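**Student:** With the sequence up front, the predicted model follows.
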Amino acid sequence: MTKSYSWDDVIAVLEQELNVGDDVLLRSVQIIADADAFTRAVYDRKKEIDDACRFFARNRSWPRVSPLIANCLIVRLDRARNAARFLRGRRSAPFVVPSPKCSMRRMLEYLLVDHWRVYGSYKFPRR
């Protein structure tokens, strides 16, 4: 039987990783100077970014990736944390309750890949 997790558990994992990821982000920001090139690269390497997110969801550790992919992963972690906070709600009862059989891996994968495709990618408009 898979242990069920709450949105608070997911938020804690994401916040811990974002604290670790700050150093990676600071190093990668210097490399990514052209916003248009960054946007094109994000679309060109979408599968690689999704795979890095799935790796993180499965292992809860950082994959070995280029600075561009690491930056994209950090952005997704940040957006996932915001989405989890929204889904948690402000009351004692969550707004959206995860399935009792939902694993941490699946909750993270949902936020980092599935939710991103629907709600997060609007931040990078297509040309």
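**Tutor:** Looks like it came in fine.
**Student:** Assign Y5 to helix, strand or coil.
**Tutor:** Counting by DSSP: H, G, I helix; E, B strand; the rest coil, the backbone at Y5 sits in coil.
**Student:** Check the burial of it by counting its neighbours.
**Tutor:** By other CB atoms under 10 Å, 19 other residues sit near Y5. (Each C-beta comes from the backbone N, C-alpha and C, glycine too.)
**Student:** With R60 instead?
**Tutor:** Neighbourhood size, R60 [other CB under 10 Å]: 13.
**Student:** Now do the same contact list for it.
**Tutor:** If you count contacts by CB atoms under 8 Å, 6 or more residues apart in numbering, R60 has them with V13, E17, M104, L108.
**Student:** Could you identify the most distant pair in those residues?
**Tutor:** Greatest spatial distance among these (CB to CB): E17 and M104, at 12.3 Å.
**Student:** Now do the contacts for D50.
**Tutor:** Contacts for D50 (CB under 8 Å, 6+ apart) come out as V113.
**Student:** any idea which of the contacts of R60 has the most stuff around it?
**Tutor:** Per-residue neighbour counts (other CB under 10 Å) across the contacts of R60 peak at L108, which has 24 neighbours.
**Student:** And that residue, what's its pLDDT?
**Tutor:** Model confidence at L108, given as pLDDT, is 90.
**Student:** so it is in which element?
**Tutor:** Using DSSP states H and E, L108 maps to helix 104-109.
**Student:** Which residues outside the helix or strand following that helix are in contact with it?
**Tutor:** For helix 104-109, the following helix or strand on the C-terminal side (DSSP H and E) is helix 115. Applying CB under 8 Å, 6+ apart, the external contacts of helix 115 come out as A80, A83.
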